[in-house]
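[1] Predicted model follows, preceded by the sequence.
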Amino acid sequence: MIRFNQKFAILALAVIMAFGGSPACAAPVKLTGAGATFPYPLYSKWFDMYHEKTGVQINYQSIGSGGGIQQVKSGTVDFGASDAALSDAKLKEMPRRVLHFPTVAGAVVVSYNLPSVTQPLKLAPATVVGIYMGKIKMWNDKSIAATNPGVELPNSPILPVHRSDGSGTTNIFVTYLSAVSTEWKELVGANTSVSWPVGIGGKGNEGVAGLVGQTPGAIGYMELAYAKQNKFAVAHIQNSSGNFVEPSLASTTAAAEGASAALAKDVRTPIVNSPAPNAYPISGLTFLLIYQDQKDPAKAKALADFIRWAITEGQTVAEGLDYARLPAPVVKVNEATLMSLTVSGKRVLAGK
Amino acid sequence: MNQVTIKRRGVSGDGVYKGLLASAAALLFIVVGLIVYEVVRGAELSVRTIGWQFLIQTEWDPVADKYGALPYIYGTLVSSLLALIMAVPLGIGSAVFLAEIASRRVGSIVSFVMEILAAIPSIVYGIWGFFVLAPFLRAVVEPWLIANFGFLPLFSGSPFGIGMLNAGIILAIMIVPTIVSISREVLLATPPTLREASLALGATRAEAIGVTLDAARPGILGAIILALGRALGETMAVTMVIGNSNRISLSLLDPGATMSSIIANEFTEATGALYLSALIQIALVLFAVTIVVNALARLLLYFATGGRRDAAGAA
């Protein structure tokens, strides 16, 4: 009996040494998070990879950004995830200071269903605003023809399609419309749901994709991955430098890079309408939200290590899942933010 | 001595039995009570801030933090009414056929299929409405309606395939099985002497069916109330096909929204306190509308039957 116990103890020790790494990790740390659905496919892949690598278990519920923010507020999760950065007002509602970590960037593309048009349409910002304001009603409108010389545009009505459910995708799209049009900003504004002047709503990216796919004359916005999967035509959008840019992972990363000076000052700044000449203008970041001052040292260390891994090594798997990776300057911003993470006032990571 | 023991055992056994049954019934009340309490508590902020204006305002703007529920109340009532208009004649007609005209064998086969129809999850109806019914409505039905009845405000606008009409049809298909299966049971439960007597008095077959239908009226009304309840609360299928627009439009071809669809759409991403509370207040209004509609239907049932309860018991 004694010998069996001894054997067992040695075995247990070996297991701990093999999987535990440092002695502090003797019991595997479990982290819980909740929030955004947009980055969920990537996050679940990250959590799997990270679990295999370090033994840290991360449970994530993709209940939507709104739910994630609520759970961070009530302190029921170790981290939240949101497609929209918290506004100043919402930050104030939080019991303690909250840090934002952008993890990955995404593009919102404008797809349309015009079987007779074979080459990609080029759209100016004012045209996109006009269509969703209900002012541009026909496909052969002057403003569409002006940026598409030589393209035979049909004399058919435009059916604008939007998301009916609250979503980060909508938030990026209307933040862009607000950035390029003061009229949109004043009349409609930006949020995860807005009061749309025209159009019909589809539930989820798949709902919008379905409506655009089956309705000739429809136009709709959706995440890049959905347009790719459905092989939809996507519009090239004119950016702030005047170039018509095709939405792609590279042009989305370029948008984040172009906005990096503003992000260094405040990481919550929207990256729509980025000044970079090769940037796709309807882009956005998705964030992890964690309290700046943590309570549990083991969890704080695990969280910091995970974020550091996700913004560096983790980025390599992002593109395979149609997410645009963070540009180097934004990774730097994140690393600086990580250094401010504390446990009961003491820094979590050793300073450089 | 013996007698006393038996008596005691009997009393305690009965007591336990009674207690179990009573607590099962009480649990139902407690659950409903808790739901009401939670919904009222969640809606408190919105009720205090917006007040009764909530019911008549048409603007729903989360950016400006302005919330009005009228477009959703309208959408819920209109889509359910539309469903009833289509489902009631269809449902009662099929029930009469199954109970009075078809052979027992055909009747039981068809009602088996009906029961399967009732068991299909609503999301499946939604997908069918979205991918099959919508293109058909857009390409065939709606252009025809516009060409022939476009002068009526009910059928003006453009053919989207998605909208109030689609939602009404999907709801009608979803509630027909309820109407058919209950009405058939009620018709079969009416005494055969009624039919035999009317035939003996020289009534035609149609007149005899009329007499039977009259006897079954309370039960059939009960079936319709049950079906209406399902239509009012149906969420997923409606959300997929109604077009989700918060504008009130007379046209059945235009997109709309219902109370349950707006909750399903916006609840998960609602971040502001008032926004969340307004959505919960919609749930409260939906609760109230369901109770009011049910009460009205029961009142109608009472007057239609002159307080007769016999056949209604079957429903």
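    Okay, I see it.

[2] And the helix or strand harbouring residue B:296, what's buried?
    According to DSSP states H and E, residue B:296 maps onto helix B:273-305. For helix B:273-305, burial by neighbour count (16 or more other Cβ atoms under 10 Å in any protein chain shown) applies to B:274-287, B:289-290, B:293, B:297, B:301, B:305. Just so you know, the C-beta spots here come from the backbone N, C-alpha and C atoms, and that holds for glycine as well.

[3] Now do that helix: distance to the chain's middle.
    Averaging C-alpha positions (Cα atoms, centre = their mean, to the nearest Å) puts helix B:273-305 12 Å from its chain's average.

[4] From the contact counts, what lies against it?
    When contacts are defined as 3 or more Cβ pairs under 8 Å, 6 or more residues apart in numbering or on different chains; DSSP states H and E, helix B:273-305 sits against helix B:2-50, helix B:53-56, strand B:66-67, helix B:70-96, helix B:205-233, helix B:259-266.

[5] Quickly note the distance from residue A:132 to residue A:210.
    19 Å (Cβ to Cβ, to the nearest Å).

[6] Between these two, point out the one with more neighbours.
    Between residue A:132 and residue A:210, residue A:132 has the larger neighbour count (other Cβ atoms under 10 Å in any protein chain shown), namely 27 against 23.

[7] Nearest residue to that one in space, ignoring adjacent ones along the chain?
    Spatial nearest neighbour of residue A:132, chain neighbours left out: residue A:160 (5.4 Å); criterion: Cβ to Cβ, 6 or more residues apart in numbering or on different chains.

[8] Doesn't that neighbour lie inside a strand?
    Yes. Assignment of residue A:160 by DSSP: H, G, I helix; E, B strand; the rest coil places it within a strand.

[9] three-state assignment of residue B:174?
    Here residue B:174 is recorded as helix under three-state DSSP.

[10] ignore the last one, residue B:157
    Strictly by three-state DSSP, residue B:157 counts as coil.

[11] who's in contact with it?
    B:146, B:249, B:251, B:253-254 (Cβ atoms under 8 Å, 6 or more residues apart in numbering or on different chains).

[12] which of those residues has the most neighbours?
    Counting neighbours by other Cβ under 10 Å, residue B:253 leads these with 26 neighbours.

[13] got the residues of chain B near chain A?
    Within chain B, the positions lying close to chain A (Cβ under 8 Å from any Cβ of the partner chain) are B:59-64, B:130-131, B:134-135, B:138, B:158, B:160-163, B:239-240, B:243-246, B:255, B:257, B:261, B:264-273, B:276.

[14] Among those residues, which lie within strands?
    Judged by DSSP state E, the residues of chain B next to chain A include B:60-61 as members of strands.

[15] Of the residues of chain B next to chain A, keep whichever come out buried.
    In terms of neighbour count (16+ other Cβ under 10 Å), the buried residues within the residues of chain B next to chain A are B:60-63, B:130, B:134, B:138, B:160-163, B:239-240, B:243-246, B:255, B:257, B:261, B:264-272, B:276.

[16] Around chain B, which positions in the stretch 251-352 of chain A sit nearby?
    Residues of the stretch 251-352 of chain A lying close to chain B (Cβ under 8 Å from any Cβ): none.

[17] Residue in the stretch 251-352 of chain A with the shortest distance to chain B?
    As assessed by Cβ to the nearest Cβ, chain B sits closest to residue A:289 within the stretch 251-352 of chain A, at 12.0 Å.

[18] Residue A:86 is in contact with that residue, correct?
    Yes. The pair residue A:289 and residue A:86 qualifies as a contact (Cβ atoms under 8 Å) at a distance of 7.1 Å.

[19] Perfect, that will be all.
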